[in-house]
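In: Predicted coordinates and the sequence they were generated for:
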Amino acid sequence: MVVLFFSLDRKDGVNHMHNKEKQTDVIIIGAGLSGLAAARTLKKNGNTVTVLEAQSRVGGRILSTIIKGSILDLGAQWVSPHQHRIQTLIKEFGLTTTPTYKQGTSLYSLLGKKKRGLGNKPPFSPLSLLDITLIEHTVKNMLKSIGPAKPWEVPLGQKLDSLTMETWLDKKMFSKYGKAFYRQVYEEGLCGRLSEVSVLDILWNIKSTGSFNEYLSAEDEWITNGAQEIPNRIAEELGNNVLLNQKVWRIDWDETEVKVYTEEGVWFSKNVILAIPPTLTNRIVYHPPLPSSRDQLCQRIWQGSVIKCVLVYETPFWRIRGESGIAFNNYGPVKATIDGSNPSQKEGILIAFVTGEEARRLGELYKEERKIQVLNCISYLFGHEGLYPKEYFDKDWSADPWARGGYAGHFPPGVLSQFGEALTKPIGPIHWAGSETATEWRLYMEGALEAGERAAIEVIKKLT
C-alpha cells in the first residue's frame, strides 16, 4: 500500500478583491477541496459566501500541471471506487478515471534484500506471511470497538492513544520481514516515524474508510484529467465568490459577528469556516484568543515531510519487463513508487515518494542534487534505465508555505484523548473543516469533501 494525500492553474471565473469592506453570510478561509465543498453546499442553500484563498490558485494540497501534453499530479491524486462524494463529482463534471496499473511483479526492497512478488502478497516466508495475516486480523477486530467520529471516547480508544505505533507493532508482530514491511507501509503513509504517532491515529484513519478492505482500495484509480479539475470546476461555479491572493492574518469575533482581515481589506460575516491544515490555523491572530484546548491541540499536531517526484520516460520500460512499477523500499531516499502512466500516451510515468527524514534531508539540497539522489535510488530499484527520464519534476510539500508538509496532520500519543474534541468543535461563530477533521475517509480528498459539507451544515443550522 502506497498511501497518498495529494493544478491545472486555471483561474477562470475567479476574481480578485478590491480594497473595501464586504458583508457576507459566511466567510471560508482556504480554497482547497474542503473549503470549496463548504462554499458549494452553502450557496446551494441560498447563503451568500466568500472564499478567501492566500495562494494564486485553488486546490490546496491538490496540484496538477500540464507539461508537454502530459497531465502530472504533484499533489493528491488517487481515489477509491468506494468514495461516493468524489465519484459523484467525477461523473458530474464529465471526468474519467484510470485504474492504477498493478500487473506484473512488485518490488520489495527491505532489510538489504530485493525481492519480487505477484499480486498483493509480499514474497516472504510462510512465517512472515502468517505474521502479516495475523496483524491484519487483529486490526480488523479492533476496528469493531471504535467509532469513526470520536474514537477516543471508548476505553479501547483511550488505551490505543497511550501507545506509539512503534511500540504496538513491536509487541504484536514477531517476524523481521513482517515488521519491516508494515513499518515501511505505515511510515511512507505517515511521512514520518512510527514512534511519532499514536496507534489510535492510525486506526482512526482506517476506521473512517468504512472497513479494512475499503482502506486497501484507496489507490485503485486516479483522475485521468488531473485531480485539479475538481477544485477548478467548483471554483468556476462559485465565480466571484472565490478570491485569490487573500492572506488572512486576523479574526475578530464574538457570538454574533466575525471580522476577517487581509491585506486587501476587512470582511464581515455571521460565521467563518477555516478549511486549512490545523497547524496553519494557529498562525492567525484571534481576538479574543481561542480556548486553550484548541491552541494546545494545534501545538501538538504534526505535519509529515514528503517530496513527490514525477519521472517521465520515453516508454513505461518496467511494464515491458513484466513489472508493475510498484516498489516498497527502505534503502535510500525513495520509499515507494507507483505507475502513473496515462493510457492515452506512449510515455511512461513513474511516481516516487521521498518521505520523513529523507524528505527533510533532500529538501535542504539544490534541486539538481536532489534529482541525482532520487534517480540513483530509482536505478537501484529498476536498473540503469531509471537514470534517464526525459522529464523530472518534484514538489517539496514541507517547503510549501501554505501546506508545510504532507500528506496531512497526525497526532502523537495522548493528544486525541485529551484534545480530540477541539478538532471539530465550533467556537462561537468559528467552524473547522479540512481533511484532518473528517469522519469519513480522513486525510483523503473524499474526507476533505465530507468535512467541508459537515462544516457547512453546522453553519446552515445556525442561520435558520
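Out: Structure received. Residues are numbered from 1 along each chain as shown.
In: The nearest residue to Asn47 once chain neighbours are set aside: neighbour count?
Out: Spatial nearest neighbour of Asn47, chain neighbours left out: Asp25 (4.3 Å); criterion: C-beta to C-beta, 6 or more residues apart in numbering. C-beta here means a position set from N, CA and C on the backbone, and glycine is covered the same way. Neighbour count for Asp25, taken as other C-beta atoms under 10 Å: 18.
In: Equivalent analysis for Lys113, please.
Out: Neighbours around Lys113, by other C-beta under 10 Å: 10.
In: distance of it from Ile29?
Out: The gap separating Lys113 from Ile29 is 49 Å, by C-beta to C-beta, to the nearest Å.
In: now swap in Glu357 and tell me
Out: Glu357 is 32 Å from Ile29, by C-beta to C-beta.
In: who's more crowded, those two?
Out: Neighbour tally, Glu357 and Ile29, criterion other C-beta under 10 Å: the higher count belongs to Ile29, 27 against 13.
In: show me what contacts that one?
Out: Gly35, Val51, Leu52, Val248, Val260, Val272, Ile273, Leu274, Ala275, Ile276, Ile284 (C-beta atoms under 8 Å, 6 or more residues apart in numbering).
In: Would you list the buried entries among these?
Out: Gly35, Val51, Leu52, Val248, Val260, Val272, Ile273, Leu274, Ala275, Ile276, Ile284 (16 or more other C-beta atoms under 10 Å).
In: just to revisit the earlier point, which pair in the contacts of Ile29 spans the largest distance?
Out: Greatest spacing in the contacts of Ile29, by C-beta to C-beta: Val51 and Ile284 (15.8 Å).
In: what ranges do the helices span in the stretch 201-350 of the chain?
Out: 212-215, 229-238, 278-281, 292-300, 317-320 (DSSP state H, counting those that start in this stretch).
In: And the last one, what's buried?
Out: What that stands for is helix 317-320. Buried residues in helix 317-320, counting neighbours by 16+ other C-beta under 10 Å, are found at Phe317, Trp318, Arg319.
In: For the last one, report the pLDDT, please.
Out: What it means is Arg319. With respect to pLDDT, Arg319 has a value of 96.
In: Was I right to think it contacts Tyr101?
Out: Yes: between Arg319 and Tyr101 there is a contact under C-beta atoms under 8 Å: 7.3 Å.
In: Could I get the pLDDT score of Thr105?
Out: On the pLDDT scale, Thr105 gets 96.
In: Bridge partners for it, pull those for me.
Out: Legend: beta-bridge partners of Thr105 under DSSP bridges are Leu118, Glu323.
In: so of the contacts of Ile29, which ones are in strands?
Out: Counting by DSSP state E, those place Val51, Leu52, Val248, Val260, Val272, Ile273, Leu274 in strands.
In: Pipe those residues into TSV and attach distance to Ile202 and pLDDT per row.
Out: What follows is the ones in strands among the contacts of Ile29, written out as TSV (distance: C-beta to C-beta, whole Å; pLDDT from 0 to 100):
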residue	distance to Ile202	pLDDT
Val51	32	98
Leu52	33	98
Val248	32	98
Val260	35	98
Val272	31	98
Ile273	27	98
Leu274	25	98
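In: nearest to Gly210, of the residues you listed?
Out: Each of the ones in strands among the contacts of Ile29 was scored against Gly210 by C-beta to C-beta, and Ile273 proved nearest at 25.5 Å.
In: which stretches of the stretch 1-150 of the chain have low pLDDT?
Out: Where the stretch 1-150 of the chain drops to pLDDT under 70, the residues are 1-21.
In: Tell me which stretches of it form strands.
Out: Under the criterion DSSP state E, counting those that start in this stretch, the stretch 1-150 of the chain contains strands at 22-23, 26-29, 49-52, 64-67, 70-73, 78-79, 97-99, 105-110, 113-118.
In: Would you mind finding the most buried of those strands?
Out: strand 26-29 (a mean of 29; mean count of other C-beta atoms under 10 Å).
In: Do you know the pLDDT at Leu443?
Out: pLDDT recorded at Leu443 is 96.
In: That one: neighbour count?
Out: So Leu443, with other C-beta under 10 Å, has 27 neighbours.
In: Name the nearest residue to it, sequence neighbours excluded.
Out: Counting by C-beta to C-beta, 6+ apart, Leu443 lies nearest to Ala408, which is 4.1 Å off, once chain neighbours are set aside.
In: now do Gly363
Out: With sequence-adjacent residues excluded and distances taken as C-beta to C-beta, 6+ apart, Gly363 is closest to Asp396, at 5.0 Å.
In: how close does that neighbour get to Trp78?
Out: Counting by C-beta to C-beta, the gap from Asp396 to Trp78 is 20 Å.
In: Distance to Ser128 added to the buried residues of helix 317-320, as a markdown table?
Out: Formatted as a markdown table, the buried residues of helix 317-320 follow (distance: C-beta to C-beta, whole Å):
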| residue | distance to Ser128 |
| --- | --- |
| Phe317 | 30 |
| Trp318 | 25 |
| Arg319 | 28 |
